[in-house]
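**Q** Sequence and predicted model, in that order:
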Amino acid sequence: QVQVVESGGGLVQPGGSLRLSCAASGSISSINSMGWYREGPGKERELVASITSAGTTKYADSVKGRFTISRGIAKNTVYLQMNSLKPEDTAVFYCNANLRIAWSFNPDDYWGQGTQVTVSS
């Protein structure tokens, strides 16, 4: 099986920074991409940032220039550096991994349990 585990959320003041971490583990054959999504209060889950196995990144317009996604050396980890945080960034952040497990032909999406990020003074 596969586990996706996030860490790094918390409470921060507006203008502050946080770094989220995510690691995928288990019987993984290959990882196509990893990314971060968020669900704000009363909002639908939306893509924040993603990175492919080739290193191509994608960002939501609302976070461009403030957030940076990167991969770890092991390639099964991903980080989200969040700077200049705003109250509207308050949300539960979920890590997503699109990967193929050892005995499967097709890739599938796996999700972490979510980590709360609260931006408030």
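**A** Cool, the structure landed.
**Q** Next one: the residue nearest the centre of the chain from residue 78, what distance?
**A** The chain has residue 36 as the residue nearest its centroid, 2.4 Å off, counting by C-alpha atoms, centre = their mean. Applying C-beta to C-beta, to the nearest Å, the value for residue 36 to residue 78 is 8 Å. Glycine gets a C-beta too; all of them are placed from N, C-alpha and C.
**Q** so what sits against both of those two?
**A** Jointly contacting residue 36 and residue 78 under the rule C-beta atoms under 8 Å, 6 or more residues apart in numbering are 22, 69, 95.
**Q** Tell me if residue 35 really is in a strand.
**A** Yes: assessed with DSSP: H, G, I helix; E, B strand; the rest coil, residue 35 lies in a strand.
**Q** Please name the residues that touch the nearest residue to it once chain neighbours are set aside.
**A** The shortest distance from residue 35 to any non-neighbouring residue, by C-beta to C-beta, 6 or more residues apart in numbering, is to residue 50 (3.1 Å). By C-beta under 8 Å, 6+ apart, the contact set of residue 50 is 33-36, 57-58, 69, 96.
**Q** same thing but at 7 Å, please
**A** Applying C-beta atoms under 7 Å, 6 or more residues apart in numbering, we find residue 50 in contact with 33-35, 57-58, 69.
**Q** In terms of helices and strands, where is it?
**A** Assessed by DSSP states H and E, residue 50 sits inside strand 46-52.
**Q** Quick check: buried residues in that strand?
**A** Neighbour-count burial for strand 46-52, counted by 16 or more other C-beta atoms under 10 Å, picks out 48-51.
**Q** quick one: which two of these are the most distant?
**A** The largest separation in the buried residues of strand 46-52, counting by C-beta to C-beta, is between 48 and 51 at 11.4 Å.
**Q** Find residues that contact each of these two.
**A** By C-beta under 7 Å, 6+ apart, no residue touches both residue 48 and residue 51.
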